[in-house]
Structures are given as structure tokens and as C-alpha cells.
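Q: let me see the structure of the following:
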Amino acid sequence: MGKEIEVFVICANDEIERGGAKAFSLSRIDASGENRPFPIVVIRTHDNAYVGYVNACPHEGVWLNIGSGDFFTQDRAFLKCGRHGATFEIDSGLCIDGPCNGKSLQPITLAVMDGEVCLCGERLVEDDRPFGGFEDHDETMEIMIHPD
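A: Sure, this is the predicted structure:
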């Protein structure tokens, strides 16, 4: 009997163009049971793989796409932070230039199932409120996979 994995549908896989990225503002339940903002970025690579990270620069914790709204360097070869220009490898999340050189973006586990990009292994809050709300909200959305 396999371990149950929580899965949350993020978007349709064709909602992100090849070589593109999209930000999502989610809420997750932390170890103490509190709801916390959980901003993520999902990148679709040119070879059609999906990579995801917490949308927070290791330098100051700001969204990578702060300011310009873009996640990439001008040549689109790397991810970058819009505040101080830290540059990250797309596939590994490793910072190769900038104030957090040598640190990495926090990866998230993604799976593509039935044409949808899904986040795996996080306890999320089903949340339609604007990003940043902290009031009590007890509805959770849990989707369990039971391996055959």
C-alpha cells in the first residue's frame, strides 16, 4: 500500500507557453496549522518540461518578477530577480550571479497528469481571496492518489 500524496491542480499544461513562466498565489497550511501565503512560479522549458519554485528570491524573499513582471533575463536563458538582478539556472534554481550567489530557489514538486500541471506534497488551502489574506479559513482541498 503506497503513501498518499496530496495533489493540487495548478493550471492546464498549455496555459504556459514553451519558454514561458507563470506566477500563482496560493495559500498553504504550515506545520502549526496556520494559513500562509505560498507564491510559486511554474516554468515550461523549451523542451516541454515543467519546473517549479517558490516565487521568492533567497536574497530578500521578494517575488522574482517584482517590478517588471518578468521572470527571465533578457536572453531568456536564466531566471532573474527583478529587485537586485540575481540570476538563477532554470533547471536547478541555483543562483549563479548576484547578491545570493551560490544559494538556490526552493523547488516545488510538479507532475503533469491528464493535461494539467499539478503541485504535489503540499497542504493547500482552497482560497479565492486576494493574495495576502490571513483571516480564518477552514476549507481545505485535498486530492488523494491511491496507487493501484
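Q: right, and the secondary structure at the most centrally placed residue in the chain would be what?
A: Closest to where the C-alpha atoms of the chain average out (Cα atoms, centre = their mean) is Ile40, at 2.5 Å. Under DSSP: H, G, I helix; E, B strand; the rest coil, the three-state class of Ile40 is strand.
Q: for it, what are its contacts?
A: Listed by Cβ atoms under 8 Å, 6 or more residues apart in numbering, the contact set of Ile40 reads 10, 23-24, 26, 52-55, 108, 119. Any C-beta I mention is one placed from the backbone N, CA and C, and that applies to glycine too.
Q: is it in a bridge, and if so with what?
A: Counting by DSSP bridges, Ile40 is bridged to Phe24, Val54.
Q: ok, back up a step: which one of the contacts of Ile40 sits closest to Asp70?
A: Using Cβ to Cβ, Ala23 is the member of the contacts of Ile40 that lies nearest Asp70, at 10.5 Å.
Q: distance of that closest one relative to Ser32?
A: Computed as Cβ to Cβ, to the nearest Å, the Ala23 to Ser32 distance reads 26 Å.
Q: list the buried residues for whatever helix or strand Ala21 lives in?
A: Applying DSSP states H and E as the criterion places Ala21 in strand 20-29. Of the residues in strand 20-29, 21-22, 24, 26-29 count as buried by neighbour count, 16 or more other Cβ atoms under 10 Å.
Q: of those, which is the nearest to His59?
A: Nearest to His59 among the buried residues of strand 20-29, counting by Cβ to Cβ, is Ala21 at 18.8 Å.
Q: can you show me the strands along the protein?
A: 5-12, 20-29, 35-44, 50-54, 78-80, 87-89, 95-97, 107-113, 116-120, 124-125, 144-145 (DSSP state E).
Q: angle of the third one against strand 5-12?
A: Taking axes from the mean of the first three to the mean of the last three Cα atoms, to 10 degrees, one finds that strand 35-44 is oriented at 60 degrees with respect to strand 5-12.
Q: ok now strand 35-44, how far from the chain's centre?
A: 3 Å (Cα atoms, centre = their mean, to the nearest Å).
Q: name the residues of that strand that are buried.
A: Quick answer for strand 35-44 (16+ other Cβ under 10 Å): 35, 38-44.
Q: average pLDDT for that strand?
A: Strand 35-44 comes out with an average pLDDT of 96.
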